[in-house]
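Asker: only the shape, not the letters, is given here:
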């Protein structure tokens, strides 16, 4: 039993007289609809995968930030314990608090400068 050639391999001149423009447009619309449905299904599956991955990432990021926070608290306690015999409990507390406030001020200043640089580069005025 001989199978017919696929549509792309058939001789166009042989069946051109049998086809009509309306049939060609209908076939094009059907192909477009099929392509759109396939693309929507593909994008939905990608979005679902991204959603599952984002949930998992959020949990791991929250855990990492919590562990960093506790590590910094341990560092602060260690500094207090190290400095207390040298400059006393109150002096150690003041030194650690002032160092932390200085680091926070430096971080805020850097963030403000970067914000200004970004707004200046995005502004319309030269």
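Answerer: Ah, there it is. Predicted model only: the values in this text are computed from it and were never measured.

Asker: when you work out contacts or count neighbours from here on, use the C-alpha atoms and nothing else.
Answerer: Will do.

Asker: for the record, mean pLDDT for the longest helix seen in the chain?
Answerer: Counting residues, the longest helix in the chain under DSSP state H turns out to be helix 21-122. Model confidence over helix 21-122, given as mean pLDDT, is 92.

Asker: any idea how far it is from the chain center?
Answerer: Distance of helix 21-122 from the chain centroid (Cα atoms, centre = their mean, to the nearest Å) equals 9 Å.

Asker: likewise for stretch 117-126?
Answerer: For stretch 117-126, the distance to the chain centre is 25 Å (Cα atoms, centre = their mean).

Asker: tell me the spacing between the spatially most central residue of the chain and residue 114.
Answerer: Of all residues in the chain, the one closest to the mean position by Cα atoms, centre = their mean is residue 54, 8.3 Å from it. Separation of residue 54 from residue 114 (Cα to Cα, to the nearest Å) stands at 28 Å.

Asker: go on, residue 64?
Answerer: Taking Cα to Cα, one finds residue 64 at 25 Å from residue 114.

Asker: tell me how far residue 34 lies from residue 22.
Answerer: 18 Å.

Asker: show me which of those two is the more surrounded one.
Answerer: Set residue 34 next to residue 22 and count neighbours by other Cα atoms under 10 Å: residue 34 wins out with 12 against 9.

Asker: ok, residue 44 to residue 120 distance?
Answerer: Distance of residue 44 to residue 120, computed by Cα to Cα: 39 Å.

Asker: if I look at residue 110, how far off is residue 119?
Answerer: Residue 110 is 14 Å from residue 119, by Cα to Cα.

Asker: wait, I meant residue 68
Answerer: With Cα to Cα as the criterion, residue 68 and residue 119 are 31 Å apart.

Asker: how about residue 95?
Answerer: Residue 95 is 36 Å from residue 119, by Cα to Cα.

Asker: so for those two, which residue has more residues nearby?
Answerer: Per other Cα under 10 Å, whichever of residue 95 and residue 119 has more neighbours is residue 95, with 16 against 11.
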